[in-house]
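Chemist: Sharing a model that was predicted from the sequence below.
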Amino acid sequence: MGLFEERLKRNEDIEFHKRMRDAGKTFYLSTSIASTYFVRPTLKGLIDKSLGDGMWNIIANRLRREH
């Protein structure tokens, strides 16, 4: 499947997962893996992050069309 797309500054995991799904691959989820997510402290911070993520989704989709 290759590695993460290094030209992306954000959302490289989403782009990688799309390649996996497009190739018919599946994912393994383990309950033994733990992670911590830190939310944005303000609504403006959440909105800014969401808009930025959306922009990088568009960029990732354009990069995929190049290949």
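Modeler: Great, that's in hand.
Chemist: Tell me how far the helix or strand where residue 56 lies lies from the chain's centre.
Modeler: Under the criterion of DSSP states H and E, residue 56 resides in helix 43-66. Between the centre of helix 43-66 and the centre of its chain there are 9 Å (CA atoms, centre = their mean, to the nearest Å).
Chemist: Show residues contacting it.
Modeler: Residues outside helix 43-66 that contact it (CB atoms under 8 Å, 6 or more residues apart in numbering): 5, 7-12, 14-15, 18-19, 39-40. C-betas here are computed from N, CA, C, even on glycine.
Chemist: Going by neighbour count, which residues in that helix are buried?
Modeler: Buried residues in helix 43-66, counted by 16 or more other CB atoms under 10 Å: 56, 57, 59, 60.
Chemist: re earlier: redo the contacts of helix 43-66 as TSV? Include secondary structure.
Modeler: Below are those laid out as TSV (DSSP: H, G, I helix; E, B strand; the rest coil):
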residue	secondary structure
5	coil
7	coil
8	coil
9	coil
10	coil
11	coil
12	helix
14	helix
15	helix
18	helix
19	helix
39	coil
40	coil
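Chemist: among these, which ones are buried?
Modeler: 5, 8, 11, 12, 15.
Chemist: What is the nearest of those residues to residue 23?
Modeler: Comparing the buried ones among the contacts of helix 43-66 against residue 23 with CB to CB places residue 15 closest, at 13.1 Å.
Chemist: The closest residue to the closest one other than its chain neighbours and residue 42, how far apart?
Modeler: Excluding the flanking residues, the one nearest residue 15 by CB to CB, 6 or more residues apart in numbering is residue 60, at 4.2 Å. Counting by CB to CB, to the nearest Å, the gap from residue 60 to residue 42 is 26 Å.
Chemist: Also residue 12?
Modeler: In terms of CB to CB, residue 12 sits 26 Å off from residue 42.
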